[in-house]
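Trainee: how would this look folded up:
(one chain, ligands or ions: 1)
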Amino acid sequence: MGGKAWRIFLPRVHRQYPNAGIFGKTTLLDWLNKYTFPLEASLAATDKAKKVYARCIERTLSHGTTTAAYYATISVPSTNLLADLCLSYGQRAFIGRVCMDTDLQPDWYRDSSAESALADTKATIAHIASIDPTHSLICPILTPRFAPSCSSPLMHSLGALQKETNLPIQTHLSENKNEIELVKKLFPDAASYTDVYDSHGLLCPKTILAHAVHITEEEAALIKKRQAKISHCPASNSAITSGTAKVRWMLERGLDVGLGTDMSGGYSASILEAARQALLVSRHVAMGGDDKAKLSIEEVLYLATRGGAKVVGLEDKIGGFEVGMEWDAQLITLGSVDSESKVDKGLVDIFGWESWEEKIAKWVFNGDDRTTGAVWVKGRLVHERQ
Ligand SMILES: O=c1[nH]c(=O)c2nc[nH]c2[nH]1
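Mentor: This is a model prediction of the structure:
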């Protein structure tokens, strides 16, 4: 496979990158309080944020991630810094200044009001307009963290801003059962968790809903009707014990699904790892009695490439090799075992008798950043393995 190129996208990353792998036995709500809010708050210090974000971008590029949707933090300077860094490294990115104004989060890490959250969101939008006016590489993304984090006025104002600007939106949906119970308590009049977003004008074709592990038939129908998109985050869903999302079930209902690493709920910066985990989680769903739930290698690679491109609304530009698309690609190099059984430097042992499909399968299960030789975004070489 050396000399061939393959594309990979990453529709979702968090700013909690330094916590990758640190989650203990927590689940979503205690994980947020114990690990996530303290780290995010600390990134208001721009020298620390610079170190963290630069490494995160280098790391995701080294794994072949040409496009990322980032949840930054509530801090405008450090969110703007993330946008600057993505632009200078050449990574295509959606940059979200996180909105969260309720007392779910501690007073030392939350927006002081819906008005200030909106004003700070606009400040980041203005900054990105100043560095990339046509959003050719960097685009703002409206980011209400999740329903329990946001007051109704804040969600309404972000819904109105979306209508005014046509910018994309990202948020979390139905990740964990305790979270769903909390949403029911906080929004007793809503028909469902998904309906909370819909009734605030936040569900549209440009909405990326992360997780959606426990959505009901009615919620799937509403997501389909609004043409909102789903980011499946299998590593995170397992790591913080959220549940097994039923991706086959989503696809059968015509939903658009891509993959997310969701660091640091997820432990890895690699979208290839997310593809692997999506395949394995689908087998856990199958073990629950639905054998057709299993996803194939082709299907998880679709989710990681064209699926992800559609989730971020760039399916006409990236995700495939059609004439007229932009050159976002990675070069993948496998190993080879020679006749004396000496192994070359490659990571994946190819003996020479494997079919093309078998080589791809070996790569999916055994590859990592060492098999990513080079990465291009919009034709620019943004990573080369030394
Ligand atoms: O995976 C997640 N990461 C987060 O930061 C978050 N916040 C709310 N819900 C969340 N889920």
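Trainee: between the two ends of stretch 97-117, how far is it?
Mentor: Taking CA to CA, to the nearest Å as the measure, stretch 97-117 stretches 9 Å from start to finish.
Trainee: what of stretch 18-26?
Mentor: The distance separating the two terminal residues of stretch 18-26, taken as CA to CA, comes to 17 Å.
Trainee: so what's the gap between that stretch and the chain middle?
Mentor: Here the centre of mass of C-alpha atoms in stretch 18-26, compared against the chain's by CA atoms, centre = their mean, to the nearest Å, lies 17 Å away.
Trainee: and that stretch, what's buried?
Mentor: Residues of stretch 18-26 classed as buried: 18, 19, 20, 23, 26 (neighbour count, 16 or more other CB atoms under 10 Å). Using the backbone N, CA and C atoms, a C-beta is placed for each residue, glycine as well.
Trainee: surely the second one meets residue 34?
Mentor: Meaning residue 19. No - between residue 19 and residue 34 there is no contact, the gap being 10.1 Å when judged by CB atoms under 8 Å.
Trainee: widest-spaced pair of the buried residues of stretch 18-26?
Mentor: The largest distance within these, taken as CB to CB, falls between 18 and 26 and amounts to 16.4 Å.
Trainee: need the contact list for the residue lying closest to residue 175 once chain neighbours are set aside.
Mentor: If you skip the residues right next to it in sequence, residue 175 has residue 211 as its closest partner in space, 3.9 Å away by CB to CB, 6 or more residues apart in numbering. When contacts are counted by CB atoms under 8 Å, 6 or more residues apart in numbering, residue 211 is found next to 172, 173, 174, 175, 231, 232, 233, 236, 237, 242, 245, 262.
Trainee: and of the residues you listed, the nearest to the ligand?
Mentor: For these, the closest approach to the ligand (CB to the nearest ligand atom) belongs to residue 172, at 3.9 Å.
Trainee: poorly predicted segments of the stretch 101-250 of the chain, please.
Mentor: Scanning the stretch 101-250 of the chain with the threshold set as pLDDT under 70 gives no residue ranges.
Trainee: enumerate the residues of it near the ligand.
Mentor: Applying CB under 6 Å from any ligand atom, we find that the stretch 101-250 of the chain lies next to the ligand at 145, 146, 172, 175, 236.
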